[in-house]
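**Student:** I need the structure of the sequence given here:
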Amino acid sequence: MLKYFYIFIIYSVIGWFMEVVIVSSKKRKVTARGFLIGPWCPIYGFGALFITVLLRKYYEDPIALFVMSFLIGTILEYVTSYLMEKMFYARWWDYSDHRFQINGRVSLTTSLGFGLLGLILVYVFNPFFLRIIKNIPPLIFNVIIVIVLLFFITDVIVSFRIISNIKKESFANLKDVTEKATMEIQKALKDKSIFNRRLLNSFPHLKFILNQKRSDK
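**Tutor:** Okay, the predicted model is just below:
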C-alpha cells in the first residue's frame, strides 16, 4: 500500500508541476495550480495509479495502452468535474470553447494528452521510480512515506475546509449567477485570505452554479 501511495504522490507532484508550467507560460507569470495547498494534483496521481494497477495486461501493446489510458483519463476528469460541481456548486474548469468536448468537462486535446502520458508513465517513468524504491532501505522509505501521507491528509482537510468556506460565503451573497456577480464574489474572497487568493488564482474561470444548488434542495 505504501508503494502505491508512493506512485500516487510522485505523479500528483509531476502533474502539479506540468500544470504550473503550462499555465504560467500562458500567463507569463508563475501561477500555482490545484485544489490543494501543497504541490500536488491528486487527479494525476489517481490516473497514474489506475494505469499502473489496472492496465498491466496492456503493457506489451502500446496502441491498446494508449487507448485505455485515454479512456481512464477522460472518465476520471469527467467524474472529478461532476463531483466537484455537485459538492461545491461550482464549475472549476470549462472546455466549452474547445472544438471537441463533452459538457465542457473533458476535451479531445486533454484526453489525447492522457493517452500519451500513459505511454510515458509505463515505459519511462515507472521503471525509473520503481528502481529508486529498490535502492532505499525499507525502514527509511516507510518513514518518509508515512510523513508525506500525514502532510497530504492534513492538506486535504484544510483545503476542503477552505473550499467549503468559499462556497458558503459565495452563496450567502450571490443572488444570481452572472459574470459580474461572480467577479464581485471572487474579488471579495481574494481580499479575505492568502489561501482564498491561491485557490481562485489557480482556477481563474471558476463559476458558481446557483441553479445547481436550488435544484438540489
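**Student:** Any chance you could list what contacts the host helix or strand of Leu49?
**Tutor:** In this structure, Leu49 is located in helix 42-54 according to DSSP states H and E. The contact list for helix 42-54 (Cβ atoms under 8 Å, 6 or more residues apart in numbering) reads 4, 7-12, 14-16, 18, 34-36, 68-69, 72-73, 76-77, 80, 114, 117-118, 121-122, 126. Placement of C-beta: from N, CA and C, glycine included.
**Student:** Okay, and which of those map to strands?
**Tutor:** Among these, no member falls in strands (DSSP state E).
**Student:** Do a quick rundown of the helices in the protein.
**Tutor:** Counting by DSSP state H, the chain has these helices, from start to end: 2-27, 42-54, 62-88, 108-120, 126-134, 138-173, 179-190, 194-202, 210-216.
**Student:** report the angle between the axes of the first one and helix 138-173?
**Tutor:** Note on geometry: by axes from the mean of the first three to the mean of the last three Cα atoms, to 10 degrees, helix 2-27 and helix 138-173 are set 50 degrees apart in direction.
**Student:** could you say what helices and strands helix 2-27 packs with?
**Tutor:** Under the contact criterion of 3 or more Cβ pairs under 8 Å, 6 or more residues apart in numbering; DSSP states H and E, helix 2-27 touches helix 42-54, helix 126-134, helix 138-173.
**Student:** sorry, back to before: would you mind checking the contacts of helix 42-54 for buried ones?
**Tutor:** Among the contacts of helix 42-54, the ones that count as buried by 16 or more other Cβ atoms under 10 Å are 7-12, 14-16, 18, 34-36, 68-69, 72-73, 76-77, 80, 114, 117-118, 121-122, 126.
**Student:** low-scoring stretches of the chain, by residue?
**Tutor:** Residues of the chain meeting the criterion pLDDT under 70: 165-202, 204-206, 208-217.
**Student:** same thing but 50
**Tutor:** Counting by pLDDT under 50, the ranges of the chain that qualify are 214-215, 217.
**Student:** Taking the chain centroid, which residue in it is the extreme one?
**Tutor:** Pro137 (31.0 Å; Cα atoms, centre = their mean).
**Student:** How much space separates that one from Ile144?
**Tutor:** With the distance defined as Cβ to Cβ, to the nearest Å, Pro137 ends up 10 Å from Ile144.
**Student:** Please name the nearest non-neighbouring residue to Met84.
**Tutor:** Computed as Cβ to Cβ, 6 or more residues apart in numbering, the closest residue to Met84 that is not its neighbour in sequence is Trp92, at 5.5 Å.
**Student:** State the number of residues packed around the one you found.
**Tutor:** Taking other Cβ atoms under 10 Å as the criterion, the count of residues near Trp92 is 18.
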